[in-house]
Every structure is written in C-alpha cells, then in structure tokens.
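Undergrad: take this sequence and fold it.
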Amino acid sequence: SSGINAEWPLRPGYKLYFELKLDTRSTMKLFAASILVLFAIGYVQAVTQSYDFNCVTGDGTTEACTAVEAEGDTEALALTAAQALAFCNSPDNSVVDNAYATYGCGACATDAVGCVQCAAYANDAAASDCNTYAAPTIGWNCYNNAESTACTGTAISCFQASDTYNVTDDALANGGCGDCAAYAEANCKVCDTDLCNNAVRVASIMGPLLALFFWLH
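TA: Numbering: from 1, shown residues only. Got it, this is the predicted structure:
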C-alpha cells in the first residue's frame, strides 16, 4: 500500500469545503454584477430637448421666441417638459385703460400687473401666437341727458342728434356712448373726443323751434 487513501476526495469535509468555495465565488460575482447594473442605471445622463414657438408682438406682428429647453429621462419626456415651459404674454383687455401694453414671448413677470399669459403648446398641439392681438379697452365719457356718463370700448365714440334731427326720439335726443347704428343716419351724428356731444339737447330742441318759427312767418 502507498499510504494514500483513494477515497479522500470524497470525504464529507473536503466536499463541503469545495462546495462552499464555489458558492462564495458565485455569490461575489453576482453581487459585483448587481452593483455594476445599479451604477449604470443611476449614472444614465438626462436627455435635453428644446421646443421652438412664436408669439405675437403687436398688431399684425409676430416673432420667433428663444427656444425653451428641459431635461428628462427620455427624449419624449424632455420634449414634454420643454413644451410646458413655452408661454406668450399680452395685456389683459378686460382691464379698462390697462397700463400694461406689451405683447411678446414668455410668461408674465410676477410683478407684471395687467398681464395675462397663454401656453404656446396646449391640448397636445402647437399653439404659437396664442396671445392674439386685440385693441385695448379704454374709458371715456359722453353726455347722456345732459349728464356725464362713463363709457368703455376700443375707441372714443359719442352720439347725438344731428343738425337735421326732425323726429321725436328721447334716446337719440339724450345722446350717449357709442355710435349711430341704432338710428337713422340723417338724424344722428357721432364725435370722437371725451364729452364731445355736449350740444345734443340744443340740437334736439332747435329743430322743432326753427320749424315753428318758419311756419309762423
């Protein structure tokens, strides 16, 4: 006998040792691979996308705005984020004599009183020039029944009875804000300055008086 036990590799102690050693190596490799995957996921850089749009800058004018940019995990998400940053601004025309009169690119400044903004991308579609131009709303006064009356609109206009007024119409004779759309052109006239219809009562009275004067003669 050589003194070597041919069965020694099969002894339980050695077998367990090699099995543990193999399991440890496999576990270490799996752990290292997991760390690399997690590192790769965390290290993915955000994607940057930009969005181009236009805004109105005045009556009949528009301009291309500086493209807005945003980041996202994917191109689609980045583009959506950029589109959400696209705004145009304009005056709030519900405000009479609004001091804010600017049209242009971007959202309203936080301290911009009288400014309104609109999204240049809305309802899943481009909405360039969303800040449509509108004439500003102004205030003025006209006489109505010899008293000053406040008026609003886009242009000063007061109406009154014309020099040839020859009907009985108290509303026309009293005068007021607006134009002659509701009256016969021959009996009505308009003017375009503040309180310009101050002779309305004279005109409405003089017509019948002159007629009477000529009839008597």
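
Undergrad: before we move on, which element is the residue nearest the centre of the chain in?
TA: Centroid-nearest residue in the chain: C118, 1.4 Å away (criterion: Cα atoms, centre = their mean). Using DSSP states H and E, C118 maps to strand 115-119.

Undergrad: what sits up against the next helix-or-strand element following that strand?
TA: Counting by DSSP H and E, the next helix or strand C-terminal to strand 115-119 is strand 121-122. For strand 121-122, the surrounding residues in contact (Cβ atoms under 8 Å, 6 or more residues apart in numbering) are 51, 53, 83-84, 86, 127, 130. For the C-beta atoms, the positions are set from N, CA and C on the backbone; glycine is no exception.

Undergrad: and the nearest residue to D97 once chain neighbours are set aside, how close does it get to N98?
TA: Nearest non-adjacent residue to D97, counting by Cβ to Cβ, 6 or more residues apart in numbering: G139, 5.4 Å away. Note on G139: its distance to N98, by Cβ to Cβ, to the nearest Å, is 10 Å.

Undergrad: looking at the two, which has the bigger crowd around it?
TA: N98 (17 against 12; other Cβ atoms under 10 Å).

Undergrad: wouldn't that one be in contact with D92 here?
TA: Yes: here N98 reaches D92: they are 6.1 Å apart, a contact under Cβ atoms under 8 Å.

Undergrad: quick one: residues contacting the residue nearest to the centre of the chain.
TA: Neighbours of C118 in contact, by Cβ under 8 Å, 6+ apart: 87-90, 127, 130-131.

Undergrad: pLDDT wise, what is it at?
TA: pLDDT recorded at C118 is 97.

Undergrad: next one: it from C55, what distance?
TA: Taking Cβ to Cβ, one finds C118 at 9 Å from C55.

Undergrad: between these two, what contacts are shared?
TA: 88-89, 130-131.

Undergrad: show me the two of those that sit farthest apart.
TA: N89 and C130 (9.9 Å; Cβ to Cβ).

Undergrad: identify the contacts common to those two.
TA: 55, 118.

Undergrad: quick one: the strands in the chain?
TA: For the chain, the strands defined by DSSP state E cover 47-51, 54-58, 61-64, 68-72, 87-91, 104-105, 115-119, 121-122, 125-126, 138-144, 147-153, 158-161, 176-177, 188-191.

Undergrad: looking at those strands, which is buried most?
TA: The highest mean neighbour count among those, using mean count of other Cβ atoms under 10 Å, belongs to strand 158-161: a mean of 27.

Undergrad: so where's the chain shaky on pLDDT?
TA: Within the chain, the stretches with pLDDT under 70 are 1-44, 199-217.

Undergrad: make it 90
TA: 1-46, 123-124, 163-168, 182, 184-185, 198-217 (pLDDT under 90).

Undergrad: so where do the helices sit in it?
TA: 12-43, 75-83, 170-174, 200-216 (DSSP state H).

Undergrad: kindly reformat the strands of the chain as CSV containing distance to N198.
TA: Rendered in CSV, the data for those read as follows (distance: least, Cβ to Cβ, whole Å):
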stretch, distance to N198
strand 47-51, 56
strand 54-58, 35
strand 61-64, 39
strand 68-72, 54
strand 87-91, 31
strand 104-105, 41
strand 115-119, 37
strand 121-122, 49
strand 125-126, 52
strand 138-144, 5
strand 147-153, 9
strand 158-161, 8
strand 176-177, 12
strand 188-191, 9
